[in-house]
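1. Sequence first, then the predicted structure, then my questions.
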Amino acid sequence: MSTEHADPGHGHSPAAWTSVTIMLIAFVIGTVAFFFDVQWLVWASAGLLLIGAIVGWILARAGYGVGGAKVAERVH
């Protein structure tokens, strides 16, 4: 059994932060729109939620994800 622990990164990357921020904003907009019964805005926020996931995937593929070529590794 190895004593080394491989840190998976836990999403500390520009791709993760950007994706989560977009998706959090979409969730808040959708919640407020649902409360005020603005159906088109609820669906628009659902679309924004998907866009946030796609942006995160694109940024990770571009090297801004955990362990990416464009991200400086932090020493803990």
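-> That came through fine. A quick note: this is a predicted structure, and the numbers were derived from the prediction, not measured.

2. Once you drop chain neighbours, what's closest to the residue nearest the centre of the chain?
-> Centroid-nearest residue in the chain: Ser19, 2.4 Å away (criterion: Cα atoms, centre = their mean). With sequence-adjacent residues excluded and distances taken as Cβ to Cβ, 6 or more residues apart in numbering, Ser19 is closest to Gly56, at 2.6 Å. (Each C-beta comes from the backbone N, C-alpha and C, glycine too.)

3. burial count for that neighbour?
-> Neighbour count for Gly56, taken as other Cβ atoms under 10 Å: 24.

4. ditto for Ile58
-> The tally of other residues near Ile58 (other Cβ under 10 Å) stands at 13.

5. Report the separation between it and Thr31.
-> Ile58 sits 26 Å away from Thr31, taking Cβ to Cβ, to the nearest Å as the criterion.

6. again, but for Ser19
-> Counting by Cβ to Cβ, the gap from Ser19 to Thr31 is 19 Å.

7. now His12
-> In terms of Cβ to Cβ, His12 sits 27 Å off from Thr31.

8. how much distance is there from stretch 32-43 to the middle of the chain?
-> Relative to the centre of its chain, stretch 32-43 is centred 22 Å away, using Cα atoms, centre = their mean, to the nearest Å.
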